[in-house]
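Engineer: Build me a structure from this.
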Amino acid sequence: LGVFCTDPIPKGVRFGPFQGKVVNTTEIKTYDDNSLMWEVEPGRVGGHFIDGKGASGNWMSLVNCARFPEEQNLTAIQCQGQIFYESCKEISPKEELLVWYGDCYVQFLGIPISLKGMPEGMRPPPHPEGKPGAAPQGAKPFIPMDRCSVCGKSFSQSSSLNKHMRVHSGERPYKCVYCNKAFTASSILRTHIRQHSGEKPFKCKHCGKAFASHAAHDSHMRRTHSRDKGCTCSLCGQHFPEQEDYHFHMKSHAAH
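Structural biologist: Reported below is the predicted structural model:
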């Protein structure tokens, strides 16, 4: 039902980058399954999505989303146009890895998080050798470049700091042309405008229901199609965590 730690992982270890296919923003409407996508540099020219579906060895796409920020032990961050997960606290053996949005996503509400479980036999990489905070092989060390003068939070990009400062200043430079509501980030404005246009590009692969944002899609997946609900066959009592498997099974009864 998720990715679990086999060895202690100290705070500050970075994993990644998140592997997947690069999808341009103009292509997003053609994708029926957006559940394993991350948006990189939202609101910027050259921004794109990374689709982790089908990526070989992409264990990061199997990490579940924390139900609330206090539950998280991994933070999703952006660095040089790629997505990384970084441990924000010490993680003990047998503890599930749970990710939540990092500072660079604090104003962006349309991020998809994987709800997929971890196949049997797969394990996250062991913690790196050496002192706590050392990055694993293939990962880049996390070096904050900018620090908030108000609350002391650090950011790897100045653009992320600028967005964060609007939390303190109350500045909302992105205004809706339809209703004059204002927002702190262009990505939030884009999601808001879909309420006026009726555009719903994020489609549920289970029931076909469409949503205006990744966040709404992800919330629907957790509430309606979470693995702990599943379906039980009324004829033989067999339980299926996925509705697709349940419907396929019911066809076998109908064939007899």
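Engineer: Could you use CA atoms for every contact and neighbour count after this?
Structural biologist: OK.
Engineer: What part of the protein, helix or strand, is modelled with the least confidence?
Structural biologist: When each helix and strand of the chain is scored by mean pLDDT, DSSP states H and E, strand 37-40 comes last, with a mean of 58.
Engineer: Endpoints of stretch 205-221, how far apart?
Structural biologist: Taking CA to CA, to the nearest Å, stretch 205-221 runs 9 Å from one end to the other.
Engineer: how about residue 223, what does it touch?
Structural biologist: Not one residue lies near residue 223 by CA atoms under 8 Å, 6 or more residues apart in numbering.
Engineer: host element of it?
Structural biologist: Assigned by DSSP states H and E, residue 223 falls within helix 214-224.
Engineer: List the buried residues for that helix?
Structural biologist: By neighbour count with 16 or more other CA atoms under 10 Å, helix 214-224 contains the buried residues 214, 215, 216, 217, 218, 220, 221.
Engineer: where's the third one relative to residue 202, distance?
Structural biologist: Read it as residue 216. Noted for residue 216: a distance of 9 Å to residue 202, by CA to CA.
Engineer: same question, residue 253
Structural biologist: Plainly put, residue 253 is 33 Å away from residue 202 if you go by CA to CA.
Engineer: which of the two has more neighbours?
Structural biologist: Counted by other CA atoms under 10 Å, residue 253 and residue 202 do not tie: residue 202 has more neighbours, with 26 against 11.
Engineer: Please name the bridge partners of the more buried one.
Structural biologist: Taking DSSP bridges as the rule, residue 202 bridges to residue 211.
Engineer: can you start the count at 51 instead of 1 from here on
Structural biologist: Let's use 51 as the start, then, which means that last one is residue 252.
Engineer: Got phi/psi on residue 136?
Structural biologist: phi -130, psi 130 (degrees, to the nearest 10).
Engineer: Tell me the pLDDT of the spatially closest residue to residue 57 that is not a sequence neighbour.
Structural biologist: Excluding its sequence neighbours, the residue lying closest to residue 57 (CA to CA, 6 or more residues apart in numbering) is residue 143, at 5.0 Å. Residue 143 is assigned 91 on the pLDDT scale.
Engineer: Residue 143: neighbouring residues, count only.
Structural biologist: By the measure other CA under 10 Å, the count of residues near residue 143 is 11.
Engineer: Return the residues in contact with it.
Structural biologist: 54, 55, 56, 57, 58.
Engineer: Could you tell me which of those are located in strands?
Structural biologist: Assigned to strands by DSSP state E, none of the contacts of residue 143 qualify.
Engineer: And the residues you listed, which is closest to residue 247?
Structural biologist: residue 54 (41.6 Å; CA to CA).
Engineer: on that earlier part again, for the contacts of residue 143, which PyMOL command selects only the ones that are buried?
Structural biologist: To isolate the buried ones among the contacts of residue 143 in PyMOL, judged by 16+ other CA under 10 Å, type:
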select buried, resi 54+55+56+57
